[in-house]
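Student: give me a 3D structure for the following:
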Amino acid sequence: MTVSKDIKFNFLNKDEQERYQKHLTLKEIGYEGQLDLKNSSVLCIGAGGLGSSVLLYLTATGIGKIGIVDNDHVEKSNLQRQIIHETKTIGNLKIDSARERIEKLNPNSKLVTFAERVNPTNVLKIIREFDVICDCSDNFGTRYLINDACLILNKPLVFGSVQGFEGQVSVFNLNEKSPNLRDLLPESPSKNAIPSCAEYGVVGVSTGLIGILQVNEIIKIILKKGEILDGKILIFDLLNMNMKKLHLKSDQINKKIKNLSQFVEFYSDDECSGENNEINRINAKDFNSLYTAKPNKILLIDVRENEEFSTSAIEGSISIPLSHLNRESDLDFIKKESLIKEVFTICQSGKRSDKASKILSKFKIQSRSIEGGIEKVKNTLRN
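Tutor: Next up, the predicted model:
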């Protein structure tokens with residue numbers, strides 16, 4: 001395991017001794033083990049379903065340095081499983097929402113956040129200074145990218161994945177003989193085979209369970225204790241309460257990763273790239289000028305949740321939540337209106353409206369996302 005360059009501690013302060021008292025009494029951890037946890041750094045890639053429980057338990061455990069990578073915003077539909085976030089943080093960046101919760105839970109942990117999505121140009125730089133990498137992402141392209149970056153930098157990777165009532169957890173690249181993701185699934189998806197970034201159905205407790213198991217593996221890796229899921233994959237079926245452990249063999253050919261050039265095509269994909277350069281936008285001031293001049297020629301779609309819309313909305317706008325934009329009836333309505341009106345999308349901050357405009361563009365509907373969201377529009381109206 002590559003050790004980070006952070007300053008090492010040789011004692012626990014009074015607060016830490018009280019806080020971790022139950023750890024200190026465990027022979028498997030004790031004072032020295034707790035110091036090892038304090039002197040370790042873990043990077044969590046993703047602050048969603050898996051990331052929520054991972055981050056909460058890493059913080060409570062006493063990991064000294066925790067990194068979070070995520071460029072998404074909190075939405076109401078996240079709260080069913082992403083328990084680190086709250087209703088009051090809807091619309092905020094997930095890293096900011098997570099930071100607020102973490103600082104309340106344990107002020108002893110140093111937190112480093114990255115408001116970006118990992119890609120071939122930044123992933124090596126981001127993960128380089130962390131001891132253990134925890135994959136809490138939600139798509140195959142990112143998982144392969146993280147896996148290959150860990151191979152290049154010789155970082156242990158704790159893998160987790162959930163769908164429906166099922167979940168998987170494993171440890172990759174723990175040592176030179178360890179298997180990695182390519183030993184489980186040899187080929188990363190081609191550009192045209194990449195699944196949508198939209199979330200599939202998942203029961204909230206499955207992300208909680210797999211996230212907690214990921215933290216358990218991280219603790220064992222740091223402490224060098226117990227049987228680590230190195231060369232094994234643990235599979236849970238929570239609906240039928242079945243569990244099985246499969247063995248995974250390492251093929252050395254899958255370790256011969258030298259660069260990340262194969263991912264360039266994947267990250268140019270419009271839906272999953274996280275880049276916004278192809279989104280048509282308009283600032284709030286210019287939109288207000290257009291809306292004031294010809295309100296009957298504009299279709300303003302508010303893509304926030306219905307409850308948000310009912311609390312505060314622009315006069316004349318219509319409510320179609322982001323999750324409903326793929327519905328045939330809503331698309332038919334928007335297509336018909338777009339023949340005679342200019343279409344604009346709006347949300348709280350501009351993030352969801354960007355996503356909405358991307359979705360509409362796939363159905364050949366031209367629209368413009370309003371920068372800054374509803375508050376920015378209202379402020380310019382008042383001024």
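Student: what sits against residue 210?
Tutor: For residue 210, the contacting residues are 50, 160, 161, 162, 167, 168, 169, 236, by CB atoms under 8 Å, 6 or more residues apart in numbering. Where you see a C-beta, it was placed from the backbone N, CA and C, and this is true even at glycine.
Student: now neighbour count, secondary structure and distance to residue 320 too, for those residues, in JSON lines please.
Tutor: Compiled in JSON lines, those are given as follows (neighbours: other CB atoms under 10 Å; DSSP: H, G, I helix; E, B strand; the rest coil; distance: CB to CB, whole Å):
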{"residue": "50", "neighbour count": "33", "secondary structure": "helix", "distance to residue 320": "29"}
{"residue": "160", "neighbour count": "29", "secondary structure": "strand", "distance to residue 320": "33"}
{"residue": "161", "neighbour count": "20", "secondary structure": "strand", "distance to residue 320": "31"}
{"residue": "162", "neighbour count": "27", "secondary structure": "strand", "distance to residue 320": "29"}
{"residue": "167", "neighbour count": "27", "secondary structure": "strand", "distance to residue 320": "33"}
{"residue": "168", "neighbour count": "17", "secondary structure": "strand", "distance to residue 320": "35"}
{"residue": "169", "neighbour count": "24", "secondary structure": "strand", "distance to residue 320": "38"}
{"residue": "236", "neighbour count": "20", "secondary structure": "strand", "distance to residue 320": "36"}
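Student: for the stretch 151-300 of the chain, what spans make up the strands?
Tutor: 157-163, 166-172, 232-237, 242-247, 281-282, 298-302 (DSSP state E, counting those that start in this stretch).
Student: mind putting these into JSON lines with mean pLDDT and distance to residue 67?
Tutor: Formatted as JSON lines, those follow (pLDDT from 0 to 100; distance: least, CB to CB, whole Å):
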{"stretch": "strand 157-163", "mean pLDDT": "95", "distance to residue 67": "14"}
{"stretch": "strand 166-172", "mean pLDDT": "96", "distance to residue 67": "18"}
{"stretch": "strand 232-237", "mean pLDDT": "95", "distance to residue 67": "25"}
{"stretch": "strand 242-247", "mean pLDDT": "95", "distance to residue 67": "29"}
{"stretch": "strand 281-282", "mean pLDDT": "92", "distance to residue 67": "30"}
{"stretch": "strand 298-302", "mean pLDDT": "96", "distance to residue 67": "35"}
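Student: please convert these to a markdown table, extending it with distance to residue 332.
Tutor: Conversion of these to a markdown table gives the following (distance: least, CB to CB, whole Å):
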| stretch | distance to residue 332 |
| --- | --- |
| strand 157-163 | 30 |
| strand 166-172 | 35 |
| strand 232-237 | 39 |
| strand 242-247 | 43 |
| strand 281-282 | 25 |
| strand 298-302 | 13 |
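Student: burial of residue 101, as a residue count?
Tutor: As a burial measure, the neighbour count of residue 101 was computed by other CB atoms under 10 Å and equals 17.
Student: that one - that's part of a helix, no?
Tutor: Yes. Secondary structure assignment (DSSP: H, G, I helix; E, B strand; the rest coil) places residue 101 inside a helix.
Student: so what's it closest to, chain neighbours aside?
Tutor: With CB to CB, 6 or more residues apart in numbering as the criterion, residue 101 has its nearest non-adjacent residue at 5.1 Å, and that residue is residue 84.
Student: what's near enough to touch the one you found?
Tutor: Residue 84 touches 47, 51, 52, 53, 55, 56, 97, 98, 101, 102, counting by CB under 8 Å, 6+ apart.
Student: specify the angle between the host helix or strand of residue 360 and strand 298-302 in degrees.
Tutor: Here residue 360, judged by DSSP states H and E, is contained in helix 351-362. Put simply, helix 351-362 runs at 120 degrees to strand 298-302, going by axes from the mean of the first three to the mean of the last three CA atoms, to 10 degrees.
Student: buried ones in helix 351-362?
Tutor: Across helix 351-362, burial judged by 16 or more other CB atoms under 10 Å covers 351, 352, 353, 354, 355, 356, 357, 358, 359, 360, 361.
Student: can I get the residues you listed in TSV including distance to residue 43 and pLDDT?
Tutor: Below are those laid out as TSV (distance: CB to CB, whole Å; pLDDT from 0 to 100):
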residue	distance to residue 43	pLDDT
351	23	83
352	27	88
353	30	91
354	26	90
355	26	87
356	31	91
357	32	91
358	28	88
359	31	88
360	35	91
361	33	88
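Student: give me the mean pLDDT for stretch 96-111.
Tutor: Along stretch 96-111, the predicted confidence averages to a pLDDT of 95.
Student: likewise stretch 139-153?
Tutor: Stretch 139-153 shows an average pLDDT of 92 in the prediction.
Student: and stretch 214-224, by the same measure?
Tutor: For stretch 214-224, the mean pLDDT works out to 98.
Student: verify the stated contact: residue 142 with residue 45.
Tutor: Yes. Between residue 142 and residue 45 there is a contact at 7.5 Å, judged by CB atoms under 8 Å.
Student: which residue ranges form the helices in the stretch 251-383 of the chain?
Tutor: Counting by DSSP state H, counting those that start in this stretch, the segments of the stretch 251-383 of the chain that form helices are 284-293, 306-311, 328-338, 351-362, 373-382.
Student: now for those helices, which one comes closest to residue 10?
Tutor: Proximity of the helices of the stretch 251-383 of the chain to residue 10 was assessed by CB to CB; the nearest stretch is helix 351-362, lying at 43.7 Å.
Student: angle of the closest one against helix 328-338?
Tutor: Helix 351-362 and helix 328-338 meet at an angle of 80 degrees, taking the same axes, to 10 degrees as the criterion.
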